[in-house]
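[1] Generate coordinates for the sequence data below:
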Amino acid sequence: MPAPKLKPVSEQVIVITGASSGIGLATARMAAERGAALVLVARNEEALNALAEEIRAKGGRAEPVVADVADMAQVEAISARAIEAFGGFDTWCNNAGVAIYGELEDVPLEDQRRLFDTNYWGVVHGTLVAARHLKGKGGAIINTGSVLSERAMTLQGPYSAAKFAVKGVTEAFRTEFEAEGYPISVTLIKPGPIDTPYMEHARNHLGSPGLRNPPPAYHPRVVARAILHACETRTRDLYVGGGGFMMAMMGVHFPRLTDLIFEKIARPTQETEETGRMERRDNLYEPKEDLAETSSLSGPPPRKTSFLLEAQMNPLGPAGLLIGAAALLGGAAIGMYTLRRPKPVQERLADRAWRIGQSVARDAGHGIGTLGHEASRIAHRALDYAERAEREARPHLKHARKKAERFADRASRYASSAYDDARERGGDLYEEARDRGRSYYKQARGRGEDLYDTARKRGRGTYDDARDTGWSLFKRARDEGQDTYEDARDRGWSLFSKARDRGEDAYEDARDRGWSLFGRARDQGEEVYDRARKRGRETYEDARDEGWHLFGHARKEVDRRARQAAQEGDGLLDRINAFLKSRL
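    Below is the predicted model of the structure:
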């Protein structure tokens, strides 16, 4: 399989699902800051448009696409939109996810299926669509998994199961792509507890007022750094957060002990009285408030660096060397511990794990319910064992170093001898190959020169014939074209003259006719105006005379009625006075 050639982030087009919140939002902003062009995917159209405008306002390039990754047709539309907007894409990040808290008996099956549609089938849909585009040009597919794919978390059963499935399908895709020779890098990111709105967006079947992450929590931009590293560096897996990694390793190597711890700490570390923002509550089926990288819950600030992640991204850096030294020291401690004991290694480790498990169970039964306290005790005990192992291992290390030096000296002498033999044999082969190469070169050069001379002679004759034929055809075409041009020009001028004469005649006829109609209309208008003015004058005088006549008649009638009313009023007053006098 050809190694995938991954571009720098600044030259890439990156598709990010779940880009409106948490890890996806932090990744989109960091990628835009580094110059990448983005295809932003989520269900929340308002939040997507706001994020795209924010990136464009800072000079970045972003194309929002509203889609539900549970639907294959909508995922295919994402790819088509990316090709339309940017001509394709270089990296596809399957990051969209939803969450459910609750005991498996209490979580409805339809809710569990909905979670798998998004968290598992969304990854499958995205990987299939991305592979169609990338298998010819190369690129990266990055799936956001979880440390819960190594060890299921109590009260997050459906989410843990989906992440187990994501891990399995990612490994299957990776091996199948390699077998087919596709130049695609497939990376699984495994974050531990991350301080995102994950807990506020989750559906709550626990009955508690709110939900939270077990400590310690990391900032989503730490995960974003891991994703952008995988965009330009071929990487198999990346763990984010030492606490989650230690939990996963405990689940692998000490499963029963981990069971006992989880049974005691699951509810206290995941339930809280703090409700968070109600506008974000439960986005299992419908999008809720987004555009936040971190949660609104109180508590210790999230960690902004992961020592474990730095060691994975740069194994030869300080973090990688320190973790390597710690691993060697731990190995030496286990080796010294096992050498001191008469029992077989498996029995000694089993007895030790059983005693630790009994101790932790007794402590948990007496009320020690927090993982932080228990981890602190185990860490101090491990430091004591490491110091004792270091002291006891020193003599053995000195002896091993001496044996290693002797072996290295013998290996050096053997390598020097083998190198001398190989150099002499290689010199002979080189001289033989050089002589044969020179012979082949001379033969090929002679044949090439003969062929060149023959071809040059033949080409010269063909060139002269073609040149003469071309000149003849050119002259004939030029003469024919000149005749055609003159005929067309004469015909055009004739048609133009005829059209101009007909146009001038038509213009003069139209002008004369227009002036005639205008004169007739003007005369008729003046006659109508004179008649109307005369009739109006006569009507006005008749109306004025009639009005004055009616006004004089009305004035006389008013005077008559006024006198009559005054007389009737005097008579009425006389009758009233007579009536009053008769009563008095």
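
[2] Identify the spatial nearest neighbour of residue 288, chain neighbours not counted.
    Excluding the flanking residues, the one nearest residue 288 by C-beta to C-beta, 6 or more residues apart in numbering is residue 280, at 5.1 Å. Quick note: C-beta positions are derived from backbone N, CA and C, even for glycine.

[3] Measure how buried that neighbour is and give me the count.
    Summarising burial for residue 280: neighbours were counted as other C-beta atoms under 10 Å, giving 19.

[4] count of neighbours near the nearest residue to residue 221 once chain neighbours are set aside?
    Using C-beta to C-beta, 6+ apart and skipping residues adjacent in sequence, the residue nearest residue 221 is residue 26, 4.7 Å away. Using other C-beta under 10 Å, residue 26 has 23 other residues around it.

[5] Please identify the helix or strand for residue 26.
    Per DSSP states H and E: residue 26 is located in helix 22-33.

[6] Report the backbone C-alpha coordinates of that helix in PDB.
    What follows is helix 22-33, C-alpha atoms only, in PDB (Å, rounded to 0.1, in the frame of the first residue of the first chain):
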ATOM      1  CA  GLY A  22     -17.800  20.900  22.000                       C
ATOM      2  CA  ILE A  23     -14.900  19.000  20.300                       C
ATOM      3  CA  GLY A  24     -16.200  19.700  16.800                       C
ATOM      4  CA  LEU A  25     -16.500  23.400  17.500                       C
ATOM      5  CA  ALA A  26     -13.000  23.600  19.000                       C
ATOM      6  CA  THR A  27     -11.500  21.700  16.100                       C
ATOM      7  CA  ALA A  28     -13.200  23.900  13.500                       C
ATOM      8  CA  ARG A  29     -12.000  27.100  15.100                       C
ATOM      9  CA  MET A  30      -8.400  25.800  15.500                       C
ATOM     10  CA  ALA A  31      -8.300  24.500  12.000                       C
ATOM     11  CA  ALA A  32      -9.600  27.900  10.600                       C
ATOM     12  CA  GLU A  33      -6.900  29.700  12.600                       C
END
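
[7] The helix or strand following it pairs with which strands, and in what direction?
    Elements were assigned by DSSP H and E; along the chain past helix 22-33, the next helix or strand is strand 37-42. Strands flanking strand 37-42 in the sheet, each with its direction: strand 13-17 (parallel), strand 61-66 (parallel) (DSSP bridges).

[8] which one of these has the most crowded surroundings?
    Among these, judged by mean count of other C-beta atoms under 10 Å, the one packed with the most neighbours on average is strand 13-17 (a mean of 27).

[9] and that one, what's its mean pLDDT?
    Here the mean pLDDT over strand 13-17 is 98, rounded to a whole number.

[10] repeat for stretch 163-177
    Confidence over stretch 163-177, taken as the mean pLDDT, stands at 97.

[11] give me the low-pLDDT residue ranges for the stretch 351-500 of the chain?
    Residues of the stretch 351-500 of the chain that meet the criterion pLDDT under 70 lie in 351-401, 403-423, 425-426, 440-441, 444, 455, 459, 461.

[12] show me the residues around the residue nearest to residue 221 that make contact.
    219, 220, 221, 223, 224, 293 (C-beta atoms under 8 Å, 6 or more residues apart in numbering).
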